[in-house]
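Student: Provided below for reference: sequence and predicted model.
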Amino acid sequence: MTSVLRHHRYGRALGAGAMTVALLSGGTAGAFAATSTPSPKATMSAGMPTKKPMPTHMATGKPMPTRTATAMGSITVSTAHKTVRHGETVAFAGRVKGIKSGVTLVLQHRTKGKWTTLRSMTTVSRNGTFTIRRAFTAKGTETLRVATKDGRIMSSPLTVKVS
């Protein structure tokens, strides 16, 4: 009987030791996988220190995904006519990357330091191209760009001189 109890006691100690090693090595792996994100700070709540919950990406040791310009998409646009007469229609043609077909694109112009959406829009075709047409009635230089309707992705600005 004593040998059974002794083996049971050693089994418990061995299991506890294995569990401790697993927890410590898991914590070490998490420390090496952690990014430069600061760890949660202890806060005082009703006189008792508590820890804020750890974000999921830190608890799993996996890096948090980041959005890059290529992941978000891009819009390139150009026009064949950089100078037009007032009332003349200008075609803005371009290509998108990372934007699904059917997404609405709008033409925007810069006025008084702010981008304003014009009433000229189109949708992205199946092959990733688009064309927006717009007639300008006011004389002067227009600074324009094409953007998704939600405003998350936009092209580089281009200028058209209206005479």
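Tutor: Happy to help now that I have it. Numbers count the residues shown, from 1 in each chain.

Student: Count the residues that sit near the nearest residue to residue 152 once chain neighbours are set aside.
Tutor: What sits nearest to residue 152 in space, not counting adjacent residues and going by CB to CB, 6 or more residues apart in numbering, is residue 72, at 6.9 Å. (Each C-beta comes from the backbone N, C-alpha and C, glycine too.) By the criterion of other CB atoms under 10 Å, residue 72 has 13 neighbours.

Student: swap in residue 101?
Tutor: Neighbours around residue 101, by other CB under 10 Å: 13.

Student: Shouldn't it be within a strand?
Tutor: No: read with DSSP: H, G, I helix; E, B strand; the rest coil, residue 101 is coil and lies in no strand.

Student: any idea how far it is from residue 129?
Tutor: 10 Å (CB to CB, to the nearest Å).

Student: Quick check: beta-bridge partners of residue 142?
Tutor: residue 160 (DSSP bridges).

Student: any idea how far it is from residue 85?
Tutor: On the measure of CB to CB, residue 142 and residue 85 end up 13 Å apart.

Student: rewinding a little: residue contacts, the residue nearest to residue 152?
Tutor: Taking CB atoms under 8 Å, 6 or more residues apart in numbering, we find residue 72 in contact with 98, 152, 153.

Student: Next: residue 131.
Tutor: 91, 92, 93, 94, 122.

Student: Show me what the mean pLDDT comes to for the helix or strand containing it.
Tutor: Per DSSP states H and E, residue 131 falls inside strand 129-135. Strand 129-135 carries an average pLDDT of 96.
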